[in-house]
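[1] sequence and predicted model, in that order:
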Amino acid sequence: MSTVLEPLVNHTINVITSDGRVILGVLRGFDQTINLILDDSYERVFTMNGVEQVKLGVFIIRGDNVAIVGEVDEDLDRQIDLTHIRADPLLPITH
């Protein structure tokens, strides 16, 4: 897994956790158990009233709580109008 994450260091990534949270931030580091260190991070909370972005700052995500990791195309992400997005919150992923 480290060969997959290494090119993402110092890039903005999107992490979906096993409890359904969506967290974006700059990947600053990781270890062999996929513990992730994010900087300038924030959580996107999806509701039927819109998307709220909650600032987290430096944030550590334990590897056993990581479900999905992906790189964010920052130009494309800036074009998304989050004020018009309505969604039910994600349900936790069951193992």
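    Cool, got the structure.
[2] part of a helix, is residue 75?
    Yes: with DSSP: H, G, I helix; E, B strand; the rest coil as the criterion, residue 75 is located in a helix.
[3] contacts only, for it.
    By CB atoms under 8 Å, 6 or more residues apart in numbering, the contact set of residue 75 is empty. Using the backbone N, CA and C atoms, a C-beta is placed for each residue, glycine as well.
[4] pLDDT below threshold where in this protein?
    By pLDDT under 70, the weakly predicted segments of the chain are 1-2, 89-95.
[5] quick one, strands of it?
    Counting by DSSP state E, the chain has strands at residues 12-17, 22-30, 36-47, 50-61, 66-71.
[6] out of these, nearest to residue 85?
    Minimum separation from residue 85 across these (CB to CB) falls at strand 50-61, 5.1 Å.
[7] distance between that closest one and the chain's centre?
    Relative to its chain's centre, strand 50-61 lies at 8 Å (CA atoms, centre = their mean, to the nearest Å).
[8] ok so, going back, now the strands of the chain in a markdown table, with mean neighbour count and distance to residue 88?
    Shown next, in a markdown table, are these (neighbours: other CB atoms under 10 Å; distance: least, CB to CB, whole Å):
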| stretch | mean neighbour count | distance to residue 88 |
| --- | --- | --- |
| strand 12-17 | 18 | 15 |
| strand 22-30 | 19 | 13 |
| strand 36-47 | 17 | 7 |
| strand 50-61 | 13 | 12 |
| strand 66-71 | 14 | 18 |
